[in-house]
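Asks: Show me the folded form of this:
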Amino acid sequence: MTSAKRIRLEKGLMKVGEIAEEAGVMPSTVKFYTAEGLLDVVDRTMGGYRLYDRDKTVRRVIAIRQMTSRRLSLSELKPEQN
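Replies: Numbers count the residues shown, from 1 in each chain. Predicted structure coming up:
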């Protein structure tokens, strides 16, 4: 493991593929939910990779999958816009 990855993981930050693996979805699902405004990118690497809060994002992806399996639309899951 590289030192940059170790530091990132110690801070609780993960890239798209890592979030997807932990949540049991494809990376494209994480990217789609992000584009739809359902997930927050908290930072980016120097190379431009999206970084997510591990615990919050994995829980949110799992919750979205559960809610959409109950026929809720993604628009119903978006946080309220102020």
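Asks: Tell me where the longest helix sits in this protein.
Replies: What stands out as the longest helix in the chain, according to DSSP state H, is helix 54-69.
Asks: tell me the mean pLDDT over it?
Replies: The average of the pLDDT scores along helix 54-69 is 92.
Asks: Next secondary structure element downstream of it?
Replies: Downstream of helix 54-69, the first helix or strand assigned by DSSP states H and E is helix 74-77.
Asks: Packing partners of that following helix?
Replies: helix 54-69 (3 or more C-beta pairs under 8 Å, 6 or more residues apart in numbering; DSSP states H and E). For the C-beta atoms, the positions are set from N, CA and C on the backbone; glycine is no exception.
Asks: Report the buried residues of the helix it packs on.
Replies: Applying a neighbour-count criterion of 16 or more other C-beta atoms under 10 Å, one finds 54, 57-58, 60-61, 64 buried in helix 54-69.
Asks: Can you tell me which of these comes closest to residue 21?
Replies: Distances from the buried residues of helix 54-69 to residue 21 were compared by C-beta to C-beta; the smallest belongs to residue 58, at 9.7 Å.
Asks: Identify the residues contacting that closest one.
Replies: For residue 58, the contact set (C-beta atoms under 8 Å, 6 or more residues apart in numbering) comprises 19, 22-23.
Asks: give me the low-pLDDT residue ranges for this protein?
Replies: Applying pLDDT under 70 to the chain picks out residues 72, 79-82.
Asks: how far away is the residue most central in space within it from residue 3?
Replies: Nearest to the mean C-alpha position of the chain, by C-alpha atoms, centre = their mean, lies residue 57 at 4.4 Å. Distance, residue 57 to residue 3, using C-beta to C-beta, to the nearest Å: 23 Å.
Asks: what about residue 39, which SS state?
Replies: coil (DSSP: H, G, I helix; E, B strand; the rest coil).
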